[in-house]
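Participant: got a predicted model here, sequence first, then my questions.
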Amino acid sequence: MRPRSSHSTFVPLATAVVLATVACTALPATAASRPSTATAAGTLTQLRGAAGCLVNGSRALRRCTPARALDGPGPFLGSRAIAISPGGTNVYVASSRSNAIAVLRRNRRTGRLTQGGGSAGCIAANGAGGCAGVRGLIGPNSVTVSPDGRSVYATSVASDAVVVLRRSRSTGALSQPKGTAGCIAPTTRSGCAAGRALDGPDVVTVSPDGDNVYVGSFLGNAVVTFDRGSSGGLTQPADTSGCLTNAATSGCATGLALSAPEGMAVSGDGANVYVASAASNAVVVLARNASSGALTQATDGTGCVSNAALTGCTKGTQLGGANAVAVSPDDADVYVTSLTSDSLTSFTRTAGTGLLTQKTGTSACAVNVLAIGCSLARALDTPEGLTVSPDGANVYAAGFRPGALDSFNRDTDSGAVIQKGARAGCAVAYSTPTCVLGRGLRGASSVVVSPDGRHVYATAFSSDTVSVFRRNTSGR
């Protein structure tokens, strides 16, 4: 992906300590806007022994359960590589080097993951590894489940494809529709239906009403819209509402700050789609038509928030390499991880319009290195995945380079976040005095919370693993 670059707000450590202290004094956050770091609610504990992680069977990792189709889960280009079914009975993982989606059964009481044998446990290109066969799934990097639990969708950056899968709601097993209904790609030569603006599709998500599927094309600098039929099939609108691109492209509408879209989330009310654009260093605000699913973007400065001065965008901070985006369950806040800023930024969402305003003071951002006006976040280096717990009390982020899972407390009134104190604030793949040790977290990339809020799951590309954590929901 992109080479790392230093951010202009970073300063040498000795100077930063002084400046950060001044900044915190000059930009105070009220007690109400600063959630306590000490609360036990949301604290993560990895399951003991082999229940705490699954590892691709081709490699040995002590105290993890061997599994199939987990080679390269959650690649560096892909921050939504893990998804849970609406009822919480299955976990799906996009594994780029396996060219597969792993199908895992979840014990809703213990959180433990197991894998069925044969085709029930995975679906892969050419049926490799005893998995069910699938077309168009070369290098998958993102996966999502429809709200009705009947469909699973995946993007494959190497195939330039969006793959359509049927899901058995009783077993969780996946199968692909026959013919061109099973995938959409730039040309029909791949055996898929033809679609526009699908160059390096990276992220995929489904609207809460289940009527639309949206895809971010990393190399195509585009957001692609599909109508979803009653059987889960996808159709791209023939007019320009079928795609929104950063530059004039035949058959697509033109948008702002859409260079390399890497993260995407739909608000719970279905009124907005938010996109994290890595090369634009921006978070994009798109209005969604509830009837048609069409997306539009304002050009008056409210349609995007950018790290640097960008025509048509509002100026923000710490958005270098914007990567993943998540919306709080109450639709009041939007959060973004940014790769080259090593940051988690926080925005207030305006009810009715969906517009974003970056929070003020140290509530605006949490950064891995001391930076003016931000709180300090440990082990938040090259952050990728991001999620908010169903109760809205916590935000979790995955740090790729250290191999870390960071835990933040979220004030449910103000939306402000702050990392948990002491060692509870992070689990890391190596021994450190400031975080707990987490198994199978090297190259942590994607993270998701179960619908019941009791467990957290993270993929790790370098470890070829899925790690399993119990989440404290009692606060004791």
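Facilitator: Yep, that arrived.

Participant: V395 contacts T387, correct?
Facilitator: Yes. Between V395 and T387 there is a contact at 7.4 Å, judged by Cβ atoms under 8 Å. Quick note: C-beta positions are derived from backbone N, CA and C, even for glycine.

Participant: these two: who's more crowded?
Facilitator: V395 (29 against 24; other Cβ atoms under 10 Å).

Participant: any idea how far that one is from G321?
Facilitator: 19 Å (Cβ to Cβ, to the nearest Å).

Participant: low-confidence bits of the protein, can you list those?
Facilitator: Across the chain, the ranges flagged by pLDDT under 70 are 1-34, 58-60, 77-78.

Participant: go again using 80 as the cut-off
Facilitator: Scanning the chain for pLDDT under 80 picks out 1-34, 38, 58-62, 75-79, 188-190, 370, 475-476.

Participant: shared neighbours, V395 and T387?
Facilitator: Taking Cβ atoms under 8 Å, 6 or more residues apart in numbering as the contact rule, V395 and T387 both touch A326.

Participant: now do the same contact list for the closest residue to V91 other than its chain neighbours.
Facilitator: Spatial nearest neighbour of V91, chain neighbours left out: L104 (4.3 Å); criterion: Cβ to Cβ, 6 or more residues apart in numbering. Each residue near L104 by Cβ under 8 Å, 6+ apart is listed here: 54, 67, 90-93, 113-115, 121, 466.

Participant: quick one: which of those residues is most hemmed in?
Facilitator: Neighbour max across the contacts of L104 (other Cβ under 10 Å) = L54, 31 neighbours.

Participant: so who does that one touch?
Facilitator: 64-67, 70, 104, 113, 115, 465-466, 468.

Participant: likewise for V325?
Facilitator: 263-265, 274-276, 283, 334-336, 386.

Participant: measure stretch 411-429 end to end?
Facilitator: 28 Å (Cα to Cα, to the nearest Å).

Participant: picking that back up, what's the closest of the contacts of L104 to V449?
Facilitator: V449 has its nearest neighbour among the contacts of L104 in V91, at 11.5 Å by Cβ to Cβ.

Participant: re the thing from before, mind listing which of the contacts of V325 are in strands?
Facilitator: Mapping these onto strands (DSSP state E) picks out 263-265, 274-276, 283, 334-336, 386.

Participant: ok, how many other residues are close to D391?
Facilitator: Neighbours around D391, by other Cβ under 10 Å: 17.

Participant: so it is in contact with D452, correct?
Facilitator: No. Here D391 does not reach D452: they are 9.9 Å apart, not a contact under Cβ under 8 Å.

Participant: just to revisit the earlier point, possible to save the contacts of V325 as CSV with neighbour count and distance to A257?
Facilitator: Output for the contacts of V325, formatted as CSV (neighbours: other Cβ atoms under 10 Å; distance: Cβ to Cβ, whole Å):
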residue, neighbour count, distance to A257
G263, 29, 13
M264, 26, 14
A265, 24, 16
Y274, 23, 12
V275, 29, 8
A276, 32, 10
V283, 29, 8
V334, 28, 15
Y335, 26, 18
V336, 31, 13
L386, 26, 19
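
Participant: kindly reformat the residues you listed as CSV containing distance to A185.
Facilitator: Formatted as CSV, the contacts of V325 follow (distance: Cβ to Cβ, whole Å):
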residue, distance to A185
G263, 22
M264, 19
A265, 24
Y274, 26
V275, 21
A276, 24
V283, 28
V334, 31
Y335, 32
V336, 29
L386, 28
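
Participant: of those, which is the nearest to C435?
Facilitator: For these, the nearest to C435 is L386 (18.1 Å; Cβ to Cβ).

Participant: mind telling me what element the closest residue to that closest one other than its chain neighbours is part of?
Facilitator: Leaving out its chain neighbours, the residue that sits closest to L386 by Cβ to Cβ, 6+ apart is A324, at 4.0 Å. Assessed by DSSP states H and E, A324 sits inside strand 322-327.

Participant: how about A124?
Facilitator: strand 122-125.

Participant: tell me how far that strand lies from the chain's centre.
Facilitator: Distance, stretch centre to chain centre, for strand 122-125: 22 Å (Cα atoms, centre = their mean, to the nearest Å).

Participant: same check on stretch 277-297?
Facilitator: Going by Cα atoms, centre = their mean, where stretch 277-297 is centred and where its chain is centred differ by 16 Å.

Participant: for the remainder of this discussion, apply numbering that starts at 279.
Facilitator: Got it, first residue is 279 now, which makes that one stretch 555-575.

Participant: need the CA coordinates for that stretch. CSV is fine.
Facilitator: What follows is stretch 555-575, C-alpha atoms only, in CSV (Å, rounded to 0.1, in the frame of the first residue of the first chain):
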residue,chain,number,x,y,z
SER,A,555,-10.6,7.8,1.6
ALA,A,556,-7.0,7.0,2.2
ALA,A,557,-5.3,9.0,-0.6
SER,A,558,-7.7,12.0,-0.1
ASN,A,559,-6.9,11.9,3.7
ALA,A,560,-10.6,12.5,4.2
VAL,A,561,-13.9,11.2,5.4
VAL,A,562,-16.7,11.6,2.9
VAL,A,563,-20.4,12.3,3.7
LEU,A,564,-22.9,10.9,1.2
ALA,A,565,-26.7,11.4,1.5
ARG,A,566,-28.7,8.2,0.7
ASN,A,567,-32.2,8.3,-0.9
ALA,A,568,-34.3,5.9,1.2
SER,A,569,-36.4,4.9,-1.8
SER,A,570,-33.9,4.4,-4.5
GLY,A,571,-30.7,3.9,-2.6
ALA,A,572,-29.0,6.6,-4.7
LEU,A,573,-26.1,8.5,-3.2
THR,A,574,-25.4,12.2,-3.6
GLN,A,575,-22.7,14.5,-2.2
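
Participant: buried sites along that stretch?
Facilitator: 555-566, 571-573, 575 (16 or more other Cβ atoms under 10 Å).

Participant: report the two of these separated the most.
Facilitator: For the buried residues of stretch 555-575, the farthest-apart pair by Cβ to Cβ is N559 and G571; their separation is 27.6 Å.
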